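In: what would the 3D arrangement of this be:
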Amino acid sequence: ALDLIENSEVEVIIGPQKSSQAAFVAELGDRSQVPIISFSATSPTLTSSLIPYFVRTTLNDSSQVNSISSIIKAYGWREVVLIYEDTDYGRGVIPILVNALQGIDTRVPYHSVIPVSATDDQIMEELYKLMTMQTRIFIVHVSSFMGSRLFLNAKEAGMMTGGFVWIMSDGLANIIDSLDPSVIESMQGTLGVKLYVPKTRKLDDFTTRWKRRFQQDHPNDQQAELSIFALWAYDTVWAVAMAAEKIGIKVASFRKPRIVPNSTVLETLGASMNGPKLLKAILESRFKGLSGEFYLIDRQLRSSIFQIINVVGKGERGIGFWTPEYGISKQLNNTKGYSTLITDLNTVIWPGDYNAVPKGWEIPVSGKKLRIGVPVTQGFPHLMNVETDPVTNSTMGNGYCIDVFETVIKKLRYSIPYEYIPFKTIQGELGGSYNDLTYQVYLQKYDAVVGDVTIRHNRSLYVDFTLPFTESGVSMIVPVTDGTKKNAWVFLKPLTLDMWLGSLAFVIYTGFVIWVMEHRINTDFRGPFSQQLGTIFFFSFSTLVFSHREKIENILSKFVVIVWVFVVLVLTSSYTASLTSMLTVQQLQPTVTDVHELLKHGDYVGYHKGSFVEGLLKQLNFDESKLRAYETTGEYFEALSKGSQNGGVSAIVHEIPYIKLFLAEHCTGFTMIGPIYKTAGFGFVFPKGSPLVPDVSRAILNLTDGDSILQIERKWFGDQNACLKQGSIISSDNLSFRNFWGLFMITGVVSTCALFIFLLMFLHKNWHELKGIDSNKPIWQRIGSWARYYNNKDMDSYTFRADGPYNTSPATNSKYEDVADPEATTCENSPNQQGFLMTDSDATHYPLVEESSSGEITRIAA
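Out: Down below sits the predicted model:
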């Protein structure tokens, strides 16, 4: 490069093939203003912003990482191993690839870095190391020379069989056709991503001419295939030629620096006068080349479409495409939106000629068993019990949690060897808290933990949990007592105070509405004030026992009474049922109904030793001196029976599965209150990113959806329903106004509407008389006069007409009593007379008016 610039004074250099070469030559080009163009240096470490005269007419390796991560996501693999060579090309893309994999929640537990000077024995040794690991997904980013050796050795090591997955970056995938047939044979079943080159007539013509020329120049050599790098090289030369013609370069023009003594070669380099213009013209080039559209962005070729290939037979077969806009698709004309679904890829033939998708991991070939940590507890053997065989000294587990785990393992599509390792001290006790137990997985002392381990947020920071297999929540065990005092006033207890007051209000209101609508037409609702007031209350209360004797005349009143009687029927039935329950059934009430009562009264509270509940109670501001730890259900029973004042506790706070076991043993005298805190339930513990987690979680779902989980529960817990019912609270809550507000609303609305309609009808019928009464007096006096007018009988009503039901006088054929003689013709208005007769010669009817002792007209008959 120095010779070309200094002696030949070239204007452009094309061809640094390796990234390490391009980095050095680009520095020379930057000093001499000579554009350095590479069609094969793909490392992302070549940053154009630092070396402005470097132009990459190939794709940056970072452009393929999203296509590779999309393949990983489509198949649901959670762990991959990266294999790359120890060069600038190999290392450059790795940080970007790792970030892309982390973005889809895929871990990289190991990086396999192969030196370029590695021998076949060293490569084989590294491959054997990979075989001892669980992960079976390998992403390979190496050169063609290293890739050929790697796959030949992998086949010899038995790593090109079923269960393994190999994914090549475009460095290898782009040149599959040019590899040796023996290498292609060793790569059967591998996947790869390569740049998609659309088929065009221009490309076909060029390929034909090139093959003819190659045959002429190398008649004894095997026919070679054009790779994408050849197409990029052709397009690069074409772009440089177009740029040179565009700016019209005729002769080279260099500006030589002033030479000083002891100058280095680099300091004596001249600067091209045409370089800036030529660089600008190259960067602005845009045309349809052999490889597709030639278009530079940020001094490198624009990211394009990748084809996903599967090596089968003597070459490759396409199984799909990846584009930045639409992700994975079987065809390029995808319009469904971005996708990373496995269904958008064609069928893959995997290593070993398998069609089933590999799960991506295996138990290492060394035969090592999974180390399953199990807690050693005494309190709830039905949940978890660990024993040691005195003969073999092996650990055996039984109980609900163990049975669930072993059933789940049997449901997996593959076998997993495992052994139980007890988490205990030398004395045989639990080796710490459950937080300590789960942390052993993070420390790699255990490969998993099986037991009554609750899924907690703080634990999930360093381990992974499966889906829960038990009910969730934290509740309280508290004693129960008979909460009903059957004294002389027990009949008041079925209804709350607001219900009593509400019922009384509606009884009075309904009676008032009936009185208003019946007063003018019904003699049962007339009489002195005290009698009418008594009628209102008597009628209303008598409806409660359906014993009212007053006859209802108004149709609106009848409608109101129908609705009210229905409400009364519901109320009395509910009251009777509640009172009967209180008098005949034992009313069990918990001694504590809320955890804050324990705080308020300063009671002692129990919890299970080693459980996270201790920390939860401290978060709820319980004093540590008020907390007492217990292990067995017998200790629970004894502490609750003593009570807080006698050396025991007022409540035991624990998780629901433990509480149900306790209540199953102690059927009477205790109950469960809560839950007071929400948890996720029990789950199995695995290391972060373990590929076992999704498979075990799916197996748990399969187990809980069927009858198998019920059989396990019956085996260890028996029929809990009968016992749990006895330990439950049997209570009959008082009936409150809220329980019947709908009924009261209905009767209230009906009564109010009926009253409103009645008043409108009264005003409409009598307005011609009401508007003339005391029209010159203040409004409040007029209202009083209207009330007195309303107090009179409605003589036009059916009940008071001659043919009405109250016409009972045969002598006068009148329903009125104590009236003046109708035969009289004149009458003086004297206080000694009971009435007077007013005549009208034009009238055919003679109004009969009765005057009371106070002078008021009280009765009128026609």
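
In: least confident secondary structure element in the chain?
Out: Taking mean pLDDT, DSSP states H and E as the measure, strand 835-837 is the helix or strand of the chain with the lowest mean score, a mean of 44.

In: what ranges do the strands span in the stretch 301-450 of the chain?
Out: Under the criterion DSSP state E, counting those that start in this stretch, the stretch 301-450 of the chain carries strands at the ranges 306-312, 315-323, 327-329, 370-375, 385-388, 395-398, 418-423, 448-449.

In: an error on my part: the question was meant for the stretch 151-300 of the chain.
Out: Going by DSSP E, counting those that start in this stretch, the stretch 151-300 of the chain shows strands at 165-168, 191-195, 254-255, 271-272, 286-289, 292-297, 300-301.

In: now for those, which one comes closest to residue 582?
Out: strand 165-168 (70.9 Å; C-beta to C-beta). Heads up, the C-betas are built off the backbone N, CA and C, glycines and all.

In: circling back: can I get the strands of the stretch 301-450 of the chain in CSV with mean pLDDT and distance to residue 140?
Out: Converted to CSV, those look like this (pLDDT from 0 to 100; distance: least, C-beta to C-beta, whole Å):
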stretch, mean pLDDT, distance to residue 140
strand 306-312, 94, 12
strand 315-323, 91, 15
strand 327-329, 90, 20
strand 370-375, 91, 29
strand 385-388, 87, 45
strand 395-398, 88, 42
strand 418-423, 91, 32
strand 448-449, 94, 30
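
In: got CSV for the ones you listed, with mean neighbour count and distance to residue 133 too?
Out: Putting these into CSV (neighbours: other C-beta atoms under 10 Å; distance: least, C-beta to C-beta, whole Å) gives the following:
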stretch, mean neighbour count, distance to residue 133
strand 306-312, 23, 24
strand 315-323, 19, 27
strand 327-329, 22, 28
strand 370-375, 22, 14
strand 385-388, 18, 30
strand 395-398, 17, 26
strand 418-423, 18, 18
strand 448-449, 25, 17
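
In: please identify which of the ones you listed is closest to residue 137.
Out: With C-beta to C-beta as the yardstick, what comes closest out of the strands of the stretch 301-450 of the chain is strand 306-312 (15.3 Å).

In: what's in contact with stretch 212-228?
Out: Defining contact as C-beta atoms under 8 Å, 6 or more residues apart in numbering, one finds that stretch 212-228 is touched by 174, 175, 177, 178, 194, 195, 197, 207, 210, 211, 291.

In: and the third one, what does it touch?
Out: Which is residue 177. 225, 227, 315, 316.

In: can you check the pLDDT for the first one?
Out: By that I understand residue 225. As predicted, residue 225 sits at a pLDDT of 77.

In: give me the neighbour count for the residue lying closest to residue 5 once chain neighbours are set aside.
Out: Nearest residue to residue 5, sequence neighbours excluded (C-beta to C-beta, 6 or more residues apart in numbering): residue 32, at 5.0 Å. Close neighbours of residue 32, defined as other C-beta atoms under 10 Å, add up to 25.

In: isn't residue 32 up against residue 275?
Out: Yes - counting by C-beta atoms under 8 Å, residue 275 is a contact partner of residue 32 at 7.4 Å.

In: need the overlap of contacts for the two.
Out: Among the neighbours of residue 32, none is also in contact with residue 275 (C-beta under 8 Å, 6+ apart).

In: from residue 49, how far off is the residue nearest to residue 5?
Out: Look at residue 32 and residue 49: by C-beta to C-beta, to the nearest Å, they are 19 Å apart.

In: could you do residue 288 as well?
Out: From residue 288 to residue 49 the distance is 29 Å (C-beta to C-beta).

In: which one's more surrounded, these two?
Out: Per other C-beta under 10 Å, whichever of residue 288 and residue 49 has more neighbours is residue 288, with 13 against 7.

In: residues contacting the more buried one?
Out: Counting by C-beta under 8 Å, 6+ apart, residue 288 touches 200, 202, 294.

In: how close does the second one get to residue 4?
Out: Applying C-beta to C-beta, the value for residue 202 to residue 4 is 31 Å.

In: low-confidence ranges in the stretch 551-700 of the chain?
Out: Within the stretch 551-700 of the chain, the stretches with pLDDT under 70 are 584-588.

In: next, give phi and psi for the closest residue to residue 27 other than its chain neighbours.
Out: Closest residue in space to residue 27, ignoring its immediate chain neighbours: residue 51 at 6.6 Å, by C-beta to C-beta, 6+ apart. The phi/psi pair for residue 51 (degrees, to the nearest 10) reads phi -130, psi 80.

In: neighbours of residue 51, how many?
Out: Counted by other C-beta under 10 Å, the residues lying close to residue 51 total 19.

In: about what we covered before: which one's more surrounded, residue 202 and residue 4?
Out: Comparing residue 202 with residue 4 by other C-beta under 10 Å, the one with more neighbours is residue 4, at 15 against 10.

In: next SSE after the strand or helix carrying the more buried one?
Out: Assigned by DSSP states H and E, residue 4 falls within helix 2-6. Where DSSP H and E defines the elements, the next helix or strand beyond helix 2-6 is strand 13-14.

In: straight-line length of stretch 344-355, end to end?
Out: One end of stretch 344-355 to the other measures 16 Å (C-alpha to C-alpha, to the nearest Å).

In: what segments of the stretch 401-550 of the chain are helices?
Out: Taking DSSP state H, counting those that start in this stretch as the test, the helices found in the stretch 401-550 of the chain are 434-442, 457-460, 497-518, 529-542.

In: sorry, back to before: of all the strands of the stretch 301-450 of the chain, which one is nearest residue 621?
Out: Closest among the strands of the stretch 301-450 of the chain, using C-beta to C-beta: strand 370-375, at 28.7 Å.

In: give the partner strands of that closest one in its sheet and their orientations.
Out: With DSSP bridges as the test, strand 370-375 is paired with strand 418-423 (parallel), strand 448-449 (parallel).

In: which residues in the stretch 551-700 of the chain form strands?
Out: Using DSSP E, counting those that start in this stretch, the strands of the stretch 551-700 of the chain run over residues 588-590, 605-608, 627-630, 651-655, 670-677, 685-687.

In: and the third one, what does it pack onto?
Out: Spelled out, that is strand 627-630. Strand 627-630 sits against strand 605-608, helix 613-619, helix 633-642, with contacts defined as 3 or more C-beta pairs under 8 Å, 6 or more residues apart in numbering; DSSP states H and E.

In: got it, and the second one?
Out: In terms of contacts (3+ C-beta pairs under 8 Å, 6+ apart), strand 605-608 is packed against helix 613-619, strand 627-630, helix 633-642, strand 651-655.

In: change it to 10 Å
Out: strand 474-482, helix 595-601, helix 613-619, strand 627-630, helix 633-642, strand 651-655 (3 or more C-beta pairs under 10 Å, 6 or more residues apart in numbering; DSSP states H and E).

In: please apply the same query to the fourth one.
Out: Other helices and strands packing on strand 651-655, by 3+ C-beta pairs under 10 Å, 6+ apart, are strand 474-482, helix 595-601, strand 605-608, helix 613-619, strand 627-630, helix 633-642, helix 656-665, strand 670-677.

In: most tightly packed of these?
Out: Stretch with highest mean neighbour count among these: strand 605-608 (a mean of 24; mean count of other C-beta atoms under 10 Å).

In: and it, which strands flank it?
Out: By DSSP bridges, strand 605-608 pairs with strand 627-630 (parallel), strand 651-655 (parallel).

In: separation between residue 381 and residue 634?
Out: 12 Å.

In: oops, could you answer that again for residue 674 instead?
Out: 22 Å.

In: next one: residue 242
Out: 92 Å.

In: likewise residue 248?
Out: Distance, residue 248 to residue 634, by C-beta to C-beta: 101 Å.

In: ok, now residue 698?
Out: In terms of C-beta to C-beta, residue 698 sits 39 Å off from residue 634.

In: picking up where we left off before, and the contacts of stretch 212-228, which of them are buried?
Out: Neighbour counting with 16 or more other C-beta atoms under 10 Å marks 174, 175, 194, 195, 197, 291 as buried within the contacts of stretch 212-228.
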